[in-house]
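S.K.: Build me a structure from this.
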Amino acid sequence: MNIIRMSGGIGNQMFQYALYLKLVSLGKEVKFDDVTEYELDNARPIMLSVFGIDYPKASREELVELTDASMDFLSRVRRKIFGRKSGEYHEASADYDETVLEKEHAYLCGCFQSERYFKDIEYKVREAYRFRNVVVPEEIRGGIETYERQIGESLSVSIHIRRGDYLDAADVYGGICTDAYYNQAIRYMIKKYENPSFFVFTNDTFWAEKWCEVRERETGKRFTVIKGTDEETGYIDLMLMSRCKAHIIANSSFSWWGAWLDASPDKCVVAPVKWINTRECRDIYTEDMVRIGSNGKISFSNCSSL
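M.R.: This is a model prediction of the structure:
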């Protein structure tokens, strides 16, 4: 049996569950550790339930066995003499590692952020990630229904701008999705589509209002900031994002999935050239992505030519 350690927000959880689906398709028994990471005070909420997903959970005994963490006297003596016999696997890089799919009796720790892990079972992943149990709080229901209608009736382009925690970790995430990146991505979409409308998803709506006002004056296009949601209801943003017809994503697994869940064969997705500052993330990118640098330069385009 393998155990996947669940971690991070809904974007990471979705990558980890997609890996689970792949391993199960290979005939492996797999469970989740959804305790270790989420018993911390600052843990993000587990949100897979919005898809109606009920995953198998590892018992305390199974976790102890795979990580060789038993605290009985003989186990402690054995570890002191012979070392630890842990089945822990820690993702060494952000790239696809095919050996993960070969693991037996392993405790898998990582984000596994690559479509390559599940590309051949894409239909199963898409079926799993249907929004079955979305609860929209009464106080924002009217606004969300308006956004849904506007997105459906227009040539809607999602823009994800992540601030908040990304500003606090600028050494890892900063200087990637710059104004030059977004400005070029917006120009790209305006050139590609006849009359796009932009819908901005962000964790800083006050700042985004002013940001959008500038872009509206410069482009003459409509920019709408999605409001009313928070971290506990972020799945609503993900749902709305997935219903847009083109996407400008941030270096974030959240908007990666927002774009991926849009199953339109002719969609266009713009992504930053770099994902994080501390290591290469070559396998995060999908074939349909246009890549734009922090300087606004288009470095790769696999969308239809302009």
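S.K.: Name the nearest residue to residue 91, sequence neighbours excluded.
M.R.: Nearest residue to residue 91 in three dimensions, chain neighbours excluded: residue 110, at 2.8 Å (C-beta to C-beta, 6 or more residues apart in numbering). For the C-beta atoms, the positions are set from N, CA and C on the backbone; glycine is no exception.
S.K.: neighbours of the one you found, just the number please.
M.R.: 20 (other C-beta atoms under 10 Å).
S.K.: What residues does it make contact with?
M.R.: 89-91, 100 (C-beta atoms under 8 Å, 6 or more residues apart in numbering).
S.K.: right, and residue 10 touches residue 234 too?
M.R.: Yes. With contacts counted by C-beta atoms under 8 Å, residue 10 reaches residue 234, the gap being 6.2 Å.
S.K.: Counting by contacts, list what whichever strand or helix holds residue 65 packs against.
M.R.: Using DSSP states H and E, residue 65 sits in helix 60-67. The contact analysis (3 or more C-beta pairs under 8 Å, 6 or more residues apart in numbering; DSSP states H and E) places helix 60-67 against strand 2-5, strand 107-109.
S.K.: sorry, back to before: which pLDDT value does the model give the residue nearest to residue 91?
M.R.: Turning to residue 110, the model gives it a pLDDT of 96.
S.K.: hang on, the earlier thing: which residues do residue 10 and residue 234 both contact?
M.R.: Contact criterion C-beta under 8 Å, 6+ apart; residues shared by residue 10 and residue 234: 47, 254.
S.K.: tell me the phi and psi of residue 239?
M.R.: Residue 239 adopts backbone torsions of phi -60, psi -50, taken as degrees, to the nearest 10.
S.K.: Report the separation between it and residue 136.
M.R.: Distance of residue 239 to residue 136, computed by C-beta to C-beta, to the nearest Å: 9 Å.
S.K.: Show me how this structure divides into domains.
M.R.: 2-128, 139-300 (automatic domain parsing).
S.K.: And these, which one averages the lowest pLDDT?
M.R.: domain 2-128 (a mean of 87).
S.K.: what sits against the closest residue to residue 7 other than its chain neighbours?
M.R.: Spatial nearest neighbour of residue 7, chain neighbours left out: residue 37 (4.4 Å); criterion: C-beta to C-beta, 6+ apart. Residue 37 makes contact with 5-8, 43, according to C-beta under 8 Å, 6+ apart.
S.K.: tell me the contacts of the most centrally placed residue in the chain?
M.R.: For the chain, residue 253 is the residue whose C-alpha lies nearest the centre (C-alpha atoms, centre = their mean; 2.2 Å). The neighbourhood of residue 253, defined by C-beta under 8 Å, 6+ apart, consists of 8-9, 11-12, 14-15, 111, 113.
S.K.: at 10 Å what do you get?
M.R.: 8-15, 111, 113, 260, 275, 284 (C-beta atoms under 10 Å, 6 or more residues apart in numbering).
S.K.: That one and residue 203, how far apart?
M.R.: 14 Å.
S.K.: ditto for residue 109
M.R.: Distance from residue 109 to residue 203, by C-beta to C-beta: 26 Å.
S.K.: can you check residue 145 too?
M.R.: 22 Å.
S.K.: the more surrounded of the two?
M.R.: Neighbour totals were compared for residue 145 and residue 203, and residue 203 leads with 19 against 11 (other C-beta under 10 Å).
S.K.: ok so, going back, now, which of the contacts of residue 110 sits nearest residue 183?
M.R.: residue 91 (33.8 Å; C-beta to C-beta).
S.K.: right, and that closest one touches residue 106 too?
M.R.: No. Counting by C-beta atoms under 10 Å, residue 106 is not a contact partner of residue 91; they are 11.8 Å apart.
S.K.: partners of the host helix or strand of residue 157, with directions?
M.R.: Under the criterion of DSSP H and E, residue 157 resides in strand 155-161. Strands that pair with strand 155-161, judged by DSSP bridges, come out as strand 196-202 (parallel), strand 246-248 (parallel).
S.K.: Would you reformat those as a markdown table and include mean neighbour count?
M.R.: Below are the strands paired with strand 155-161 laid out as a markdown table (neighbours: other C-beta atoms under 10 Å):
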| stretch | mean neighbour count |
| --- | --- |
| strand 196-202 | 23 |
| strand 246-248 | 28 |
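S.K.: and residue 225, which of those is closest to it?
M.R.: Once these are compared by C-beta to C-beta, strand 196-202 is nearest, at 4.8 Å.
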